[in-house]
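Chemist: sequence unknown, structure follows:
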């Protein structure tokens, strides 16, 4: 059980480093609806950009990090 906990801690650390790296390289998306050309994007369906894929991957890594941290924190010590 101790080996499993150690492995999960290291996986959690790796996920956390990847998550921080992804957040650091993303650009701000604060333009919102008032950005130039954004009205056209409301009515057309575009392929997801690299930023959209990074945003989705960041969300997935955040959820994985939260779950792994909760598991490691509440895992009983034997």
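Modeler: Here it is on my side, so go on. If you're wondering where the values come from, they're calculated on a predicted model, not measured in any experiment. Residues are numbered from 1 along each chain as shown.

Chemist: pretty sure residue 75 is touching residue 6, no?
Modeler: No: taking contacts as C-beta atoms under 8 Å, residue 75 lies outside contact range of residue 6: 10.7 Å. In this view, the C-beta of every residue, glycine as well, is placed from N, C-alpha and C.

Chemist: for the helix or strand hosting residue 52, packing partners?
Modeler: Using DSSP states H and E, residue 52 falls within helix 50-74. Other helices and strands packing on helix 50-74, by 3 or more C-beta pairs under 8 Å, 6 or more residues apart in numbering; DSSP states H and E, are helix 2-25.

Chemist: so where is this structure shaky, pLDDT-wise?
Modeler: Flagging of the chain using pLDDT under 70 yields the residue ranges 27-46, 78.

Chemist: So which residue is smack in the middle of the protein?
Modeler: Central residue of the chain (C-alpha atoms, centre = their mean): residue 58, 2.0 Å from the mean position.

Chemist: residue contacts, that one?
Modeler: 19, 22-23, 26 (C-beta atoms under 8 Å, 6 or more residues apart in numbering).

Chemist: ok, and the most crowded of those residues?
Modeler: Neighbour tally across the contacts of residue 58 (other C-beta atoms under 10 Å): the maximum, 20 neighbours, falls on residue 19.

Chemist: tally of neighbours for residue 70?
Modeler: Residue 70, neighbours per other C-beta under 10 Å, totals 11.

Chemist: and what of residue 72?
Modeler: Residue 72: 17 surrounding residues under other C-beta under 10 Å.

Chemist: Thank you kindly, that will do.
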